[in-house]
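A.B. asks: Sequence plus the predicted model coming up.
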Amino acid sequence: MRNCICKIYLKNSEIGLGFFCKITFNNNILPFLITSSHILEDIDKNKIIKLFINNDVKKIKIDNSRKIYISHDKNIDIAIIEIKPNIDKIYNYLELDINELYKNEDNLDLKYTTKLIDILYIIKMKKFVYHIIL
């Protein structure tokens with residue numbers, strides 16, 4: 001889990017948080033950095049994003065070769081940036097099995113009353129909290 005979460009260094013010396021996750025995109029499973037869009041409000045092409053992952057510094061160059069989604073709706077507040085493992089040297093990702101989640105939609109409530117559920121959330125933009133619920 002520690003290798004799937006990162007701090008994002010901003011120009012104004014503030015720190016944002018993000019996490020790495022694999023998402024299905026056009027029938028392919030691709031790795032992405034997910035963070036709040038307000039953290040990357042001033043993102044532009046050829047920008048370098050500096051990340052701190054479990055005592056390791058990584059730099060990601062944002063260019064036209066990456067899939068990027070940045071919400072401009074303050075109620076959504078999400079940014080999704082494609083990670084290129086061979087270039088970025090980032091190899092750990094959270095994964096959500098969508099097929100398993102929707103396998104039996106009629107019994108969704110009953111099915112997940114006996115499963116472990118991972119919950120990841122942020123406290124005051126300073127730290128991630130991770131819980132496993134049974």
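C.D. replies: Arrived safely, thanks for sending. Nothing here was measured: the structure is a model prediction, and the numbers come from that model. Numbering: from 1, shown residues only.
A.B. asks: buried stuff in the longest strand seen in the chain?
C.D. replies: Looking across the chain with DSSP state E, the single longest strand is strand 15-25. Buried residues in strand 15-25, defined by neighbour count with 16 or more other CB atoms under 10 Å: 16, 17, 18, 19, 20, 21, 23. All C-beta atoms are positioned from the backbone trio N, CA, C, and that covers glycine.
A.B. asks: try stretch 68-83
C.D. replies: 68, 70, 79, 80, 81, 82, 83.
A.B. asks: Residue 68 against residue 49, yeah?
C.D. replies: No: between residue 68 and residue 49 there is no contact under CB atoms under 8 Å: 11.0 Å.
A.B. asks: counting contacts, what elements does the helix or strand hosting residue 61 pack onto?
C.D. replies: Assigned by DSSP states H and E, residue 61 belongs to strand 56-62. Applying 3 or more CB pairs under 8 Å, 6 or more residues apart in numbering; DSSP states H and E, one finds that strand 56-62 contacts strand 47-53.
A.B. asks: can you list the residues that contact the strand it packs on?
C.D. replies: 3, 5-9, 15, 18, 33, 40, 43, 57-62, 81, 90 (CB atoms under 8 Å, 6 or more residues apart in numbering).
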